[in-house]
Each structure stands twice: as C-alpha cells, then as structure tokens.
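J.: mind looking at a prediction? Sequence and model below.
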Amino acid sequence: MSQENEKFAAPAPDETPAQKIARLREKAELQAAQEFNEDAVYAKLLAEAREAEVAKIARPTVDLPTDSSGFAKVYDWLEIFESQNPQDLTYVPLGIGGFTIKVPRGKKVAIPHAFIEDCLALAFEARLVKLPSGGYSLRPNHRFPYRVHGPATEAEYQKFIAEQKLQEQRETAQAG
C-alpha cells in the first residue's frame with residue numbers, strides 16, 4: 001500500500017466530522033487526478049463539437065419575421081363596412097391556406113396585412129350597371145368595401161388579440 005493510500009485507509013479514532021469530510025474530499029480529489037485521462041476528455045469534447053457542427057449544417061435555423069400563425073409580422077387597422085344586404089353575415093370570413101379569421105363588420109380591428117393583401121384586395125364581384133346609352137354592363141366591384149386605417153404595431157396587435165380572447169371568454173361564460 002502506498003503512503004498516500006495509507007493516509008486515507010482508516011480514520012483516526014478521534015477524527016471529528018469536519019476532519020472526516022476533509023479527509024474524504026482529499027481522497028476523492030486524489031483518485032480523480034489519477035483517473036483523469038486528458039486524451040479521453042479531449043476525444044469526448046471533440047466528438048461533441050463535431051456533433052454540434054453537423055447539427056448546424058443539417059438543421060439551419062432561419063429566423064423569419066413571422067408570428068405564431070406563420071404570417072409576416074406586419075399588421076393593419078382595418079374596418080370592413082356594414083353590408084346593405086340584410087342576408088349578409090355580421091362578419092366577413094377571410095382565409096389563407098386553411099387559416100380563417102372572422103372580421104366583424106363596422107368595427108376597427110387589427111389583422112395581419114396578408115389578409116388584406118391576399119383576401120380583401122382580390123375579392124371582387126360583378127355588378128350589373130345601367131349605362132346612359134340604355135344598355136347594361138357588368139363591372140367589377142369590391143365584394144367587401146373596407147378602409148385601412150393605417151399600420152398597427154405588433155404590440156397593438158397582441159393587445160387587440162388578448163382583448164378579443166377575453167371578450168370571447170366573457171361571452172362564453174354568460175352563455176353557459
């Protein structure tokens with residue numbers, strides 16, 4: 001038995017708990033130093049670094065400026081005018097790629113700009129118009145007349161969405 005191992009072999013009969021902890025700590029440090037293999041540690045760190053590099057290449061992260069629904073973080077304040085037709089819904093359903101929102105008529109709302117650009121701006125219907133010459137003509141007309149009141153910030157949009165969710169919860173609680 002080496003002199004170092006004899007030192008840790010048996011506790012002294014009058015050893016205090018603090019001395020025992022110090023002795024065991026010293027023994028653990030000595031054993032760790034003896035077991036430490038610099039080449040093995042380096043090989044492990046190198047393997048981890050290689051895995052990290054492969055992960056970067058395999059799954060490139062693209063930070064697109066989109067919200068949780070996948071739309072660009074560009075928002076507008078919008079008002080869709082009330083309909084003259086009493087059979088029309090009180091809201092206008094707007095959908096992009098299977099994602100649909102209901103925009104109430106006659107209220108100023110914050111929505112992603114994509115719904116204005118891809119839905120409302122392209123929603124036309126043909127109107128029959130009497131010409132001064134006595135004939136008729138079909139003319140394109142916006143299906144849902146609307147006004148954009150200007151851009152909305154992301155904070156305004158998030159606040160608006162939170163208010164809508166609270167209103168929905170209140171209405172659901174009252175109905176129940």
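T.: Arrived safely.

J.: how does the protein divide up, domain by domain?
T.: Domain ranges of the chain: 3-58, 75-175, per automatic domain parsing.

J.: what about the nearest residue to residue 103 once chain neighbours are set aside, which SS state?
T.: Once flanking residues are discounted, residue 103 sits nearest to residue 92: 4.9 Å by Cβ to Cβ, 6 or more residues apart in numbering. Bear in mind the C-beta positions are built from the backbone N, C-alpha and C, glycine included. With DSSP: H, G, I helix; E, B strand; the rest coil as the basis, residue 92 sits in strand.

J.: low-confidence ranges in the chain?
T.: 1-11, 58-69, 176 (pLDDT under 70).

J.: what are the boundaries of the strands in it?
T.: Secondary structure of the chain (DSSP state E): strands at 75-80, 91-96, 99-104, 108-112, 124-130, 136-142, 146-152.

J.: mind putting these into CSV with distance to residue 171 and mean neighbour count?
T.: Written out in CSV, the entries for the strands of the chain read as follows (distance: least, Cβ to Cβ, whole Å; neighbours: other Cβ atoms under 10 Å):
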stretch, distance to residue 171, mean neighbour count
strand 75-80, 21, 20
strand 91-96, 14, 16
strand 99-104, 13, 14
strand 108-112, 16, 20
strand 124-130, 32, 10
strand 136-142, 30, 11
strand 146-152, 24, 14
